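Participant: take this sequence and fold it.
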Amino acid sequence: MPQVQISQSIAAGATVNITSGLQYEYLPWPARVKMLIRAPVATLRSTVFSGSETIQEESPIQSGGTAGVTPSELNTPPVLWDAAAGDRLKVNVRSTDAGSQTVDAIIYFFPL
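Facilitator: Numbering: from 1, shown residues only. Alright, predicted model coming up:
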C-alpha cells in the first residue's frame with residue numbers, strides 16, 4: 001500500500017496544491033484514497049478534487065497538534081474516496097491567516 005506524508009508551509013493568503021509533483025498525483029490504477037490532514041491553527045481551508053469530481057468542498061482543516069507531526073486516525077477524521085485510474089489528485093489548501101502556517105497530511109493509496 002503506497003503512502004505519502006506531507007508537511008508544507010502555506011504563505012499568508014496563498015492557495016497551494018499540496019499534492020503537486022507527487023508520484024501518485026496521477027493515479028496509475030484505480031484506488032481507494034484515504035487522507036488525514038491537520039494544521040496547528042484553525043485558519044486553513046482545504047478543497048479536495050479527484051479527476052473531474054469535487055470530493056470535498058472548501059472546509060476548515062482540523063486544528064491542533066504540532067507543526068511537522070503526522071496526523072493519526074486516533075484523533076483526525078479521514079477523507080476517504082474511490083478514484084479511477086488516471087485521476088489527478090488535487091488538494092488545495094488556502095490560508096486565511098496573516099502569517100505563514102504549516103499543514104501536515106498523510107495519504108494512503110489502496111489499489112482496487
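Participant: every contact and neighbour count from this point should use C-alpha atoms.
Facilitator: OK.
Participant: so who does the residue lying farthest from the centre of the chain touch?
Facilitator: Of all residues in the chain, A98 has its C-alpha farthest from the mean position, at 21.4 Å, by CA atoms, centre = their mean. Contacts for A98 (CA atoms under 8 Å, 6 or more residues apart in numbering) come out as 12-13.
Participant: separation between it and K34?
Facilitator: 30 Å (CA to CA, to the nearest Å).
Participant: and the residue nearest the centre of the protein?
Facilitator: V91 (5.0 Å).
Participant: just checking, that one touches L22?
Facilitator: No: look at V91 against L22 with CA atoms under 8 Å: they stay out of range, at 11.6 Å.
Participant: give me the sheet partners of the longest strand that the chain contains and which way each runs.
Facilitator: Counting by DSSP state E, the longest strand found in the chain is strand 101-111. Strands that pair with strand 101-111, judged by DSSP bridges, come out as strand 3-10 (antiparallel), strand 31-39 (antiparallel).
Participant: now it: average pLDDT?
Facilitator: Mean per-residue pLDDT for strand 101-111: 97.
Participant: got the buried residues for that strand?
Facilitator: Neighbour-count burial for strand 101-111, counted by 16 or more other CA atoms under 10 Å, picks out 101-111.
Participant: ok, the residue nearest to S50 when sequence neighbours are not counted to G65 distance?
Facilitator: Using CA to CA, 6 or more residues apart in numbering and skipping residues adjacent in sequence, the residue nearest S50 is L89, 4.7 Å away. In this view, L89 and G65 are 25 Å apart by CA to CA.
Participant: settle it for me: which of the two has more neighbours?
Facilitator: Shown here are L89 and G65; by other CA atoms under 10 Å, L89 has more neighbours (24 against 14).
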